[in-house]
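K.L.:
Got a sequence here, can you build the structure:
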Amino acid sequence: MSRIKRWINMNKKEFNPDGSLKSEARQEMLSKGEDPGAIDSYARRVKEEYDEWKHLDETDPEPWPIYTAYDFFTEQEKKEFNPDGSLRPEYVEYARQIGISESALEQLEWRKKIEVDDYNEMSASHVEQGINFGEWLMEGRIVNSRTYIQRRQQMEQDLRNFEDVDSLPFDKDTAY
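P.N.:
Below is the predicted model:
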């Protein structure tokens, strides 16, 4: 997806989709007593950032891996459900054999379909903003699966990069 979509989403209050400063934003800045030269300088710097992001989109587009709700199913859920959230026929047969009621199976399937639909809606709404929702979720899972040692090494790197101590994943009492 494009960096420009994200840029427009982040700056839509003050800037037009072509990267130029909106006249209403200029008037508001002037009414607050800001110097016209400073406003022009600000608009020029932001336009340069816009042009740089646009150039990067054209020359080096970001990878956009596609994830579906099925990618986030547990191994057990993958055995029980199809990618659309419906129950697999073999699981339905097994569930009937062990005494799970038809209404319980319907409820299970209904909930999973809602989960899949919610994922698809969130993914679609994030695409409009230039955000890959599936990739974002997957990165969160990967980070959460790190070991203590890996998280500690990352924290030490963050400290070397002068990150805020409050933003780090360990208690304030932890000796660095």
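
K.L.:
right, and residue 46 touches residue 20 too?
P.N.:
No. Counting by Cβ atoms under 8 Å, residue 46 does not reach residue 20; the two are 9.2 Å apart. For every residue, glycine as well, the C-beta is placed using N, CA and C.

K.L.:
Between those two, which is the more surrounded one?
P.N.:
Taking neighbours as other Cβ atoms under 10 Å, residue 46 and residue 20 compare with residue 46 leading, 17 against 13.

K.L.:
do you know how far the more buried one is from residue 96?
P.N.:
Distance, residue 46 to residue 96, using Cβ to Cβ, to the nearest Å: 62 Å.

K.L.:
just residue 8 next, same as before
P.N.:
53 Å.

K.L.:
which of the two has more neighbours?
P.N.:
The neighbour comparison of residue 8 against residue 96 (other Cβ under 10 Å) goes to residue 8, with 19 against 12.

K.L.:
sec struct for that one, please.
P.N.:
Secondary structure, DSSP: H, G, I helix; E, B strand; the rest coil: residue 8 is helix.

K.L.:
in terms of contact, does it touch residue 17 like I think?
P.N.:
Yes. At 5.3 Å, residue 8 counts as touching residue 17 under the criterion of Cβ under 8 Å.

K.L.:
tell me the contacts of residue 4?
P.N.:
Neighbouring residues of residue 4 by Cβ atoms under 8 Å, 6 or more residues apart in numbering: 50, 53, 54, 57, 130.

K.L.:
Show me what counts as buried in the helix or strand containing it.
P.N.:
Assigned by DSSP states H and E, residue 4 belongs to helix 3-11. Within helix 3-11, the residues that qualify as buried are 3, 4, 5, 7, 8, 11, counting by 16 or more other Cβ atoms under 10 Å.

K.L.:
That one - what's its average pLDDT?
P.N.:
In this model, helix 3-11 has an average pLDDT of 86.

K.L.:
following it, which helix or strand comes up?
P.N.:
Counting by DSSP H and E, the next helix or strand C-terminal to helix 3-11 is helix 23-31.

K.L.:
Most distant residue from the centre of the chain?
P.N.:
Distance from the C-alpha centroid of the chain peaks at residue 97, with 41.3 Å (Cα atoms, centre = their mean).

K.L.:
Against residue 91, how distant is that one?
P.N.:
In terms of Cβ to Cβ, residue 97 sits 11 Å off from residue 91.

K.L.:
Over to residue 163?
P.N.:
46 Å.

K.L.:
more crowded one of the two?
P.N.:
Using other Cβ under 10 Å as the criterion, residue 163 and residue 91 rank with residue 91 on top: 17 against 13.
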